[in-house]
Structure formats: C-alpha cells, structure tokens
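Student: Structure of the sequence below:
(3 chains)
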Amino acid sequence: MPAPDMTAPDPTLPDAAAADAETWRVAPGDDLRWFDGAEEAVLFHSGSGETHLLDGDAAEILQSLEARPGNAADLVARLVPAALAPERAALCGRIEQCLREFRRLGLIEPVPR
Amino acid sequence: MTGDATRFATGAAGPLLAVLRDPARLDGLDLAGWDAVLRQARHENLIGRVADLARRRGLDDSLPAPVRARLDAHRVVTDKQAAEVRWEARQIAAALAATGVRPVMLKGAAYLLAGLPAAAGRLFSDVDFLVPKDRLAEVEGALLAGGWVSDKTDPYDQRYYRVWMHELPPLRHLRRQTHIDVHHRILPETARLRPDPAKMRAAARPLDDPPGIAVPAPADMVLHSAAHLFHDEDFVQGLRDLVDLDLLLRHFGADAGFWPALTARAVELDLAYPLFLAFRHAARVLGTPVPDDAAAAVAKARPDPVRLALMDALLARAFTPDPPGRRRPARRIALFPLYLRSHWLRMPARLLIPHLARKAARALAAKEEDGEVVPIRL
Amino acid sequence: MSAGIPPAGPDRARAPVRLADLSEAELSRRLRGPGLALPAGPFTVRLTSPLEEIAAGLGLLYGGHPLADGGADDPEGYADFHLRVAPAGGPRRWVRPQVGFFLDGRNPFNLLPAHQAFPMYEWGLNWCIVNLAHQFLIIHAAVVARDGRALLLPGPPGSGKSTLCAALIHRGWRLLSDELALISPADGRLSPLVRPVNLKNESIAIMRAFAPDAVFNRETPDTAKGVVTHMRPPAASIDAAAETARPAWIVFPTFRAGARTALEPVPGPRAFMRLADESFNYGLHGGRGFAAMSRLLRGCMVRDMAFGDLESALAALDGLAREAPAEAAS
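Tutor: Residues are numbered from 1 along each chain as shown, chains lettered A, B, ... in the order given. Okay, the predicted model is just below:
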C-alpha cells in the first residue's frame, strides 16, 4: 500500500474545504513540551508519546494554537505580519498544510461545536 | 477445593507461585530469593504483578538496589505500553466515530481502560476489540482510512483469515506500527463453544475516557478471559492469564451480588464449563476465594472423572512455571510483547546489537519504516 | 591458594577478590559448575561455560575486575543476567561446531561458529542490556571521562568511535563504555560499564601500534563484522569503574580517510533527533526520556567531528575538553 500523501487533505474529514474552516485546538489533557533552537524545534506530545522535529514556521503555528484555539484564518491574522500582506494567500496555504499534518499526527483536534 | 493447593507451592518450581499465593513472603525476601522469583516472573510475564504486590506491601523503599532497578526498568516498559494502548484506543474511537459503531475493547486493553487491577504492570500484545459482524466491512473501511493496513499481505493469508476463519486479518498502523485485532465473535470459529457476541455487546459499558469506546460488563470480562484460557484443551496461555482471572474475580467478587450474576451469565452464554475450570484452577494454583454457592452453580458443567483428571494434569503442568534457568521442552509459550513488535526488534546474527526502531523520533515528513519482525521466545 | 576467598585476618581489610586472584583451575571450575559472578557496570552477570575460549578470554581481559559476589561463590546468588555460552546446534554440530548464547536457559538469537564464542559473550551481554536495562536511557555511544566530566561519542559502526575510544583511554581519559552510554533519567549522570573494548578490522592494527603495551584477546576472523578482538581496559579505568560522570561534551565522529580534522557545532534540535536516533530506548521513556535528553543537550557542548587521522582527532578533542561547557540547566 503506498504511503499516505502528505499534501492531500485529510481523507477522514468529511470535506477538505470544511476542514480548513475548522477551529483547531490541542486536546485538553495533552501536554506539548518543547526543546527550542534557533531555526527548528523538537516537540514531545504526551498523548501519543511521539517526538517530532518541526521547522520554525510549524513550531510557531502549533505554539499559537497551544496558547489559543483557532482556525486557519485566525492563524494567518496572528502570525502573518502586515508587511507580508501580499504573501497572505501562499502563507495561508502553508498554514493549512501544517494544520492537516498536525491533525494527521494527532497533535490537534477540531474544537467540538 | 483447596485441598491440593499445597502441591503447587513446593519444590524448585515454587518461588513465583509461592509469592503469588502468599504475598507476605515478599517481605523477608533476600537477594537470592528475589533472584529466583524474578527469573520465573520474567518468563511468565508477571514481573509487573510481583512489582505491584511489592508496592502494595510498602516494600518499595526497602528493596535491594538491584531489584529496585529491575522493577523500575520493567515499569518503564509497562508505562509506555499503557500510554500506547490509551492512545491507540483514542485513535480507534476517532476512526470509527463516523460509522456509529462503538467498539467493545477486550482483554488487556479493556482492563487498562476500565482502570482494573489486572492492568497493573502488564505487558500487552495487541489491542483487541469486538464489533458487529454485519458492520465489519464498514469498520474495515474506516480503519483503512485511518491508516491501519492488513498485516498479512500474502493472498493465501488473506483467504485464510477472510474465507476460512471469517475474520479480518490483524491490522497494523502504517505510521505507529501498532497492531490491532478486530473481532466479531468471542471465540474462534473452530471452538466448540459458541457464546453469542451480540449479548456481550449489548451488556457492554461505554467509557467516558476515551468516549466512543466500551468495555465488557464485569461478568463478561471474566467469562471472556476464562473462555480463552480454557476453550481449546490443547493450547494453554499459561499462568499470566490465570493471574488475570484471579485478579478479576477478586476485584469484582468483593461485591457479593457479582457471583450469582456471573454464574447465571455463564449458563446464559454457554460458558459454564470454562467458568468451572476457571474456579477450579484459580483456587488451586492461586488461592482465589470462590464462594461455595458459586462453585456449586457451575458444578453441572463438571466433566466425567476421567476427563477431569486428564484436564487437571495438563493444566497443572501448564500453570507451573519452569524452575529458574531450566526450560521444559513440552511447554508452548510464545510471548510477543507489544514493544518488541512495535519497536521492530531485529536480530540478524550479523548485528548482535540491534537498533530498535524508534517510534518516537520523527521528522515532520514521516516515512514508513521497514523492519522484520522476529518472534522472540525468551 | 584456596577457592579464591582471601583469608580473613584481624588487620586485613576485606579486599575485593579479583578475577586474577583465582587460579586457572578455580576459574574453570566455577565456569563449568556454579557459575562465575562477573560485574558489568551496574549489573551482575552469572556466567557458565564449558568452553576454553571463554575461560581464556575472561582470564586475559577481566583479570583486574573484582568478582561481583566478592568471591563468595554462592550459586544461588543474585544476578541480573544468568548467562551461558555453550556448544549448541543439531546434527551438524560435529561437522561445524557452533555456540549459542543463553539468557536464563533461552537462546534469543542465531548460533555462531564455535571460534566466535568470546565475542558472542560480549555481544550477547550488550543485547541483554539494551533490551532489559530500561532503568537507563541507553544511547549507542562510546563514553570516556576526565575529572568527572564525560565525553560521548555517538555513532553507528564505521564512524570511528571505537578506535577513538580505545585511543582516548590511553591518553588520559578513563573508559566508561565503548558502546553503551547509560544515562540515569533522575540525575542525568552516566554509569560506567567498564568492559573489554571491541575492535575490528583496521582498528586492531592501529591500536596495536598506538598502544603497544595494551593487551588484546586472540583475534576472531570471519565474523559478520570482519575480524574482531577485544582489548583489556587500562587498570585506571577498572579502578574507577564505580564512579559516575557528568556529561559535558557530545561529539559525533565521522572518519574519512584524508579528511582534515574539524569540529563543527550542531544545532540543538538536530542534535536531539540524532541522539534519539542513536538511542536504543528513548521512545520507551516517554516524557521522562524527552526531559532527560533535553537536560543532556543543555549541559553539553555538541560538535560534529570529521577526522582523517587519529592524532589530530585526539588533539581536537583535548582542545575541546579545555573549554568548559555551559552549566546544565536542571
């Protein structure tokens, strides 16, 4: 069986577009522990017991969600400085890709409505 | 019922059984005594049980240092496995949520998620759960979408499981390398006894944490354990499973109403014979306190004296640990601890220091780790 | 001399009985009978073997080691690992004699040709430790120390760490282990595992030249790793075998013939993942493993070292050792 496609939307979610509008959070009861470096960070996730290496952007995104749940648009607003407004669309795509990956790894979950 | 009990506690085969039957013997144990107990315990997957007994007796601070270290080492593994089982259960619940099927966890995973003493310090092999037979295809589809794939890729193996055994082959998660077993019946197709799984599912208790999962009702947990231990007279799981039964019976049996419910349920599920054997051998080997009326209630399932004597002899042998350092050839005990499979222990002769694959360390782009599972008979 | 237990006298301190204090006959008797109680760092091994190679190898390489039971010779004594190396195998055993390694009567892996008996003991013991000793965080690394501070050399076979380790312990460093760094999660300190140093192929000749007075076991050809032997650890290392050390430097060596020796810093997160990869049981320790690894890295200077020759590598490591690492944040 081929390895799952990392860039595709999460097939277990009912609708890819809807997925991007989901509000995400780190599950209550899960602990994220960080070992930070200048450009990358190591993350330990207590729920899964797994350890991951994240690049700086991904770490920022996850740390932002850890502090406060949000959806992709929230994260764009929080993390993309005004000066980079023209890049917004591309950066939004990057954020959505990270969210899908975090979901796949079990690091975040949708906030129950 | 307890008349023959002493026979099992004497002699060189005795140190582990002696402490299981009488935990007070741990109090004065010297290093040599610990050596004998731990050697047997390791082979029977009962180090965690012995550690738990020592802790409950308040011995932790007075244990000799090497023993303390041994037990700590074991605790690291069992803690990790418990965390893995919990996580796996969460993932299974999430994967099946959309189908509306609520899996009923079985065996060790059920003991852990239900917070039972039988879960303390145990090593797990698989995560097993029960679903309705008519939902099997849906369940398999949902699990596949969640990243679990069939472990047996050989077409013959697939046929063996699906067509002959009417079961799903064991599944393995692509990324986590954990193993799950999806069941729709309580005993294998080949078993003579056919307890109705629908009854067990109907009586199952849903859990709060994680939601979307259930565990069997207390009587059913006992009966499931007994059924597996005794259903096939040729193959016995050993002392570990008997200890589970002992722990379940003591825990649930503290409530006087449990016993009549248990024996009635046994008759209802056509599992009175395994329960009869469970009472008999748990009492003999481990001194489990079984009330007389409960024993009487399953006495009808007692086989004829010749058959009973034969079963007694086979089972007595199976429940007696090998003396430390000696291995009696006729016992068939294969241990596949979860951590050995999920951590991909490889032992070709060439690399005698195997490098355990780490599930824990991954770059953001995960890749599937190929490995060879070598069953270890330790 | 009697069965090996020193006579007790009023003014004689109870000196530990060392393996060298046993006569050859006594050593052989114990191995063939009740077993020999060998220390292996924080572990006790009880070893039995009818094989001459084992007795000879132990006599040559473990002479300075104190017996784990103080010479008591109690067959019921406690051991972490009850081991046996003995002839095994079916009908072919007369044509091609083989040996098996047994932990508590069970053989966890394949048999080897009989002449590989001694390496099999050492490898087998390593296997036992990495599979069972989870009271430690265990990293695949050579460990040496000076003045209570330890240098870890993590790396797969072929990185050159074994040769470096063997050389360092003849140049003012003491041996903690040639293969296995045993880290206590509670305090982050390293426990020594002073045992013969495993060398193979070219390293053997290099070390014979580098340390002409060192003692080597007979060479074993044709193993899966090539030609192997074991080198006796220096007496100073054995004498300090119970002293833990605080990790201070982590250097990932890479041997490349002709390369100019250079040290490069390694960013923390990358070092973390590389060490986790070189660890046998990082994942088992869960959150405690993450904390232990974080503490290890915060307290150490971490470098990559490419090197082309032994002397310049040793000089670079000495230079590094003169720099004090940042104090560990607990």
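Student: what does chain A have sitting close to chain C?
Tutor: Counting by C-beta under 8 Å from any C-beta of the partner chain, chain A comes close to chain C at A:31, A:33, A:35-42, A:44, A:46, A:49, A:51, A:53. Backbone N, C-alpha and C define where each C-beta goes, glycine included.
Student: repeat that with 7 Å
Tutor: Within chain A, the positions near chain C by C-beta under 7 Å from any C-beta of the partner chain are A:33, A:35, A:37-42, A:44, A:46, A:49, A:51, A:53.
Student: Around chain C, pick out the residues from the stretch 1-150 of chain B.
Tutor: Applying C-beta under 7 Å from any C-beta, we find that the stretch 1-150 of chain B lies next to chain C at B:31-32, B:34-35, B:39, B:66, B:69-70, B:72-73, B:76-77, B:79-80, B:83.
Student: Would you quantify the distance from A:F102 to A:L43?
Tutor: As judged by C-beta to C-beta, to the nearest Å, A:F102 and A:L43 stand 10 Å apart.
Student: quick one on the thing from earlier: filter the residues of the stretch 1-150 of chain B next to chain C down to the ones close to chain A.
Tutor: Near chain A, by the rule C-beta under 7 Å from any C-beta, you find B:K80, B:A83 out of the residues of the stretch 1-150 of chain B next to chain C.
Student: Looking at the residues of the stretch 1-150 of chain B next to chain C, which one is closest to chain A?
Tutor: Of all the residues of the stretch 1-150 of chain B next to chain C, chain A sits closest to B:A83, with 5.2 Å by C-beta to the nearest C-beta.
Student: Give the other helices and strands that the helix or strand containing the closest one contacts.
Tutor: Assigned by DSSP states H and E, B:A83 falls within helix B:65-96. Where contact means 3 or more C-beta pairs under 7 Å, 6 or more residues apart in numbering or on different chains; DSSP states H and E, helix B:65-96 is packed against helix B:47-56, helix B:107-113, strand B:127-130, helix B:136-145, helix B:338-342, helix C:286-298.
Student: Tell me which strands the third one pairs with, and in which orientation.
Tutor: In the sheet, strand B:127-130 lines up against strand B:104-106 (antiparallel), strand B:179-183 (parallel) (DSSP bridges).
Student: got a list of contacts for it?
Tutor: Contact with strand B:127-130 is made by B:85, B:88-89, B:92, B:103-107, B:109, B:180-184, B:197, B:200-201, as judged by C-beta atoms under 7 Å, 6 or more residues apart in numbering or on different chains.
Student: What's the mean pLDDT across stretch A:36-46?
Tutor: Per-residue pLDDT over stretch A:36-46 has a mean of 95.
Student: buried stuff in it?
Tutor: Judged by neighbour count using 16 or more other C-beta atoms under 10 Å in any protein chain shown, the buried positions of stretch A:36-46 are A:G37, A:E40, A:A41, A:V42, A:L43, A:F44, A:H45, A:S46.
Student: any chance you could map the strands in chain A?
Tutor: Per DSSP state E, chain A carries strands over the ranges A:24-25, A:32-36, A:40-45, A:50-55, A:109-110.
Student: what's the angle between the second one and helix C:286-298?
Tutor: Okay, so that is strand A:32-36. Strand A:32-36 and helix C:286-298 meet at an angle of 10 degrees, taking axes from the mean of the first three to the mean of the last three C-alpha atoms, to 10 degrees as the criterion.
Student: hmm, back to that, any chance of the helices and strands packed on helix B:65-96 in JSON lines, with mean pLDDT and mean neighbour count too?
Tutor: Shown next, in JSON lines, are the helices and strands packed on helix B:65-96 (pLDDT from 0 to 100; neighbours: other C-beta atoms under 10 Å in any protein chain shown):
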{"stretch": "helix B:47-56", "mean pLDDT": "93", "mean neighbour count": "21"}
{"stretch": "helix B:107-113", "mean pLDDT": "94", "mean neighbour count": "25"}
{"stretch": "strand B:127-130", "mean pLDDT": "94", "mean neighbour count": "24"}
{"stretch": "helix B:136-145", "mean pLDDT": "94", "mean neighbour count": "16"}
{"stretch": "helix B:338-342", "mean pLDDT": "28", "mean neighbour count": "22"}
{"stretch": "helix C:286-298", "mean pLDDT": "97", "mean neighbour count": "20"}
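Student: Serialize the ones you listed to a markdown table and add fields for distance to A:P112.
Tutor: Shown next, in a markdown table, are the helices and strands packed on helix B:65-96 (distance: least, C-beta to C-beta, whole Å):
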| stretch | distance to A:P112 |
| --- | --- |
| helix B:47-56 | 36 |
| helix B:107-113 | 21 |
| strand B:127-130 | 24 |
| helix B:136-145 | 19 |
| helix B:338-342 | 30 |
| helix C:286-298 | 26 |
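Student: which stretches of chain C have low pLDDT?
Tutor: Scanning chain C for pLDDT under 70 picks out C:1-16, C:92-93, C:324-330.
Student: Neighbour-wise, give me the winner out of the residues of the stretch 1-150 of chain B next to chain C.
Tutor: Neighbour counts for the residues of the stretch 1-150 of chain B next to chain C peak at B:R70, which has 27 neighbours (criterion: other C-beta atoms under 10 Å in any protein chain shown).
Student: circling back: please convert the buried residues of stretch A:36-46 to a markdown table, extending it with distance to B:G121.
Tutor: Shown next, in a markdown table, are the buried residues of stretch A:36-46 (distance: C-beta to C-beta, whole Å):
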| residue | distance to B:G121 |
| --- | --- |
| A:G37 | 38 |
| A:E40 | 37 |
| A:A41 | 35 |
| A:V42 | 30 |
| A:L43 | 29 |
| A:F44 | 24 |
| A:H45 | 25 |
| A:S46 | 21 |
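Student: nearest to C:P267, of those?
Tutor: Distance to C:P267 across the buried residues of stretch A:36-46 (C-beta to C-beta) is lowest for A:G37, with 4.9 Å.
Student: coming back round to it: what about chain B: which of the buried residues of stretch A:36-46 touch it?
Tutor: For chain B, no contacts are drawn from those by C-beta under 7 Å from any C-beta.
Student: C:G155 and chain A, how far apart?
Tutor: C:G155 sits 19 Å away from chain A, going by C-beta to the nearest C-beta, to the nearest Å.
Student: any idea of the mean pLDDT for the top helix by length along chain A?
Tutor: Longest helix in chain A by number of residues (criterion: DSSP state H): helix A:88-104. Averaged across helix A:88-104, pLDDT comes to 89.
Student: chain center to it: distance?
Tutor: Distance, stretch centre to chain centre, for helix A:88-104: 7 Å (C-alpha atoms, centre = their mean, to the nearest Å).
Student: quick one, strands of chain B?
Tutor: For chain B, applying DSSP E gives strands covering B:104-106, B:127-130, B:148-150, B:171-173, B:179-183, B:205-206, B:214-215, B:361-363.
Student: Residues in a beta bridge with the closest residue to chain B within chain A, which ones?
Tutor: Of all residues in chain A, A:T51 sits closest to chain B, at 4.6 Å by C-beta to the nearest C-beta. Here A:T51 sits in beta bridges with A:F44, B:A361, as judged by DSSP bridges.
Student: Having no further points to raise, I will conclude here.
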